[in-house]
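[1] Show me how the following folds:
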Amino acid sequence: MTGDQIAQLTYLLLLGAAVAFWLFLQARGGLGRMMQYAAVWGLIFLGVIAAVGLWGDIRQTVAPRQTLALEEGRITVPRAADGHYYMTLEVNGTPTRFVVDTGASQVVLTQAAAERAGIDTDSLAYFGRAMTANGEVATAPVRLERLGSGPLAAPGFRAWVNSGEMPSSLLGMSYLNRFERIEIAGGELVLVR
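    Residues are numbered from 1 along each chain as shown. Predicted coordinates:
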């Protein structure tokens with residue numbers, strides 16, 4: 001179990017204990033009534049647990065996904081619930097999730113994403129510097145075998161690996177400038193080549 005799952009389980013157990021204590025205090029009015037309350041609260045509790053457990057599946061089903069119209073040289077990306085645009089591109093053949101960041105001049109990989117793409121992050125020279133919202137971080141230049149999908153892929157693409165903690169890799173202007181048109185309208189980011 002992860003730390004988040006342990007915290008959620010602890011919260012649910014405390015909530016259940018509070019409801020059980022309340023039911024015990026209400027039992028003075030009669031055992032039949034207490035059993036009705038217990039059944040109602042038990043069903044509510046099970047419903048909440050089911051909703052929490054299935055939320056990821058529900059969100060994936062309901063939320064729109066990125067579409068690639070490779071023959072037209074077009075990528076359409078829906079806006080995520082947090083207001084950002086996320087793209088999944090292949091880095092050296094490995095699917096990698098990026099946040100589209102027009103404020104970033106380069107493509108920046110997290111260390112985990114770089115390692116999944118077959119880059120030995122321990123042997124990199126972190127001599128570059130980048131200013132982020134969290135301050136200055138060291139970066140290392142890398143040459144990717146390939147970045148993108150199908151005919152929209154860029155071979156031999158230059159990127160950077162961040163030495164610090166980042167929640168997601170950044171898809172900066174060095175990749176976005178490869179498109180003729182970048183448009184944001186109606187909750188979608190559209191890249192056209």
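
[2] doesn't G186 make contact with R79?
    No: the criterion here is Cβ atoms under 8 Å, and R79 misses it with G186 at 9.1 Å. Every C-beta, even on glycine, is put in place using the N, C-alpha and C of the backbone.

[3] Who are the packing partners of the longest strand seen in the chain?
    In the chain, ranked by residue count with DSSP state E as the criterion, the top strand is strand 135-147. Contacts defined by 3 or more Cβ pairs under 8 Å, 6 or more residues apart in numbering; DSSP states H and E place strand 135-147 against strand 86-91, strand 128-132, strand 154-162.

[4] continuing past the lowest-mean-pLDDT helix or strand in the chain, what's the next helix or strand?
    Within the chain, no helix or strand scores below strand 67-69, which has a mean of 57 by mean pLDDT, DSSP states H and E. The helix or strand immediately downstream of strand 67-69 is strand 74-78, counting by DSSP states H and E.

[5] which helices and strands sit right next to that following strand?
    Identification of packing neighbours for strand 74-78 by 3+ Cβ pairs under 8 Å, 6+ apart yields strand 67-69, strand 86-91, strand 188-192.

[6] out of these, which comes closest to D4?
    For D4, the closest of the helices and strands packed on strand 74-78 is strand 86-91, at 20.4 Å, according to Cβ to Cβ.

[7] Flag every buried residue along the closest one.
    For strand 86-91, burial by neighbour count (16 or more other Cβ atoms under 10 Å) applies to 86-87, 89-91.
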